[in-house]
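**Q** Return a 3D structure for these sequence lines:
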Amino acid sequence: MAQYAMAGLIDVFHSYSGKEGDKHKLNKRELKTLLNEKLPGHFVMIGKPTKRHKIMNDLDENQDGEVDFQEFVVLVTALTVACNEFFTGCSKKD
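**A** Down below sits the predicted model:
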């Protein structure tokens, strides 16, 4: 199952990367489109557009204005951890 999750991440990343530039990176518009289309509920939960902009900038560790696959995986991991904490927290209350 983990191999399918990894393949899915790679496929999603590369299906959005390079539409406007480097095929191995997402620019901010490509990243926003990916998040809105593939993780709409999670991205909207982040809140204000200024907060979303800050998160996108924080992802870009090397400050090149784009998000590479490694930087993208950091976001997916953080969202996965947050979801796990949310759902395990809900089940503990029951």
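**Q** Could you list the residues in contact with the longest helix seen in the chain?
**A** The longest helix of the chain (DSSP state H) is helix 69-93. Applying Cβ atoms under 8 Å, 6 or more residues apart in numbering, the contact partners of helix 69-93 are 9-10, 13, 17, 24, 26, 31, 39, 42, 55, 59-62, 67. To be clear about C-beta, it is placed using only N, CA and C from the backbone, and glycine gets the same treatment.
**Q** What residues sit buried inside it?
**A** The neighbour-count check on helix 69-93 (16 or more other Cβ atoms under 10 Å) flags 71-72, 75-76, 79 as buried.
**Q** Now do residue 83 against residue 23, distance only.
**A** 29 Å (Cβ to Cβ, to the nearest Å).
**Q** actually residue 56, sorry about that
**A** Applying Cβ to Cβ to residue 56 and residue 23 gives a distance of 19 Å.
**Q** Compare neighbour counts for these two and give me the winner.
**A** Between residue 56 and residue 23, residue 56 has the larger neighbour count (other Cβ atoms under 10 Å), namely 18 against 8.
**Q** wait, what's in contact with the more buried one?
**A** 28, 31-32, 67.
**Q** The contacts of helix 69-93 in strands, which ones?
**A** 26, 67 (DSSP state E).
**Q** just the buried members of the contacts of helix 69-93?
**A** 13, 17, 26, 31, 55, 59-60, 67.
**Q** can you redo those residues as JSON lines with pLDDT and distance to residue 3?
**A** Listed next are those as JSON lines, based on pLDDT from 0 to 100; distance: Cβ to Cβ, whole Å:
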{"residue": "13", "pLDDT": "97", "distance to residue 3": "16"}
{"residue": "17", "pLDDT": "96", "distance to residue 3": "21"}
{"residue": "26", "pLDDT": "93", "distance to residue 3": "23"}
{"residue": "31", "pLDDT": "87", "distance to residue 3": "25"}
{"residue": "55", "pLDDT": "73", "distance to residue 3": "29"}
{"residue": "59", "pLDDT": "79", "distance to residue 3": "25"}
{"residue": "60", "pLDDT": "78", "distance to residue 3": "28"}
{"residue": "67", "pLDDT": "91", "distance to residue 3": "24"}
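**Q** Now compare these and name the two farthest from each other.
**A** Spanning the widest gap among these are 17 and 55, at 18.3 Å by Cβ to Cβ.
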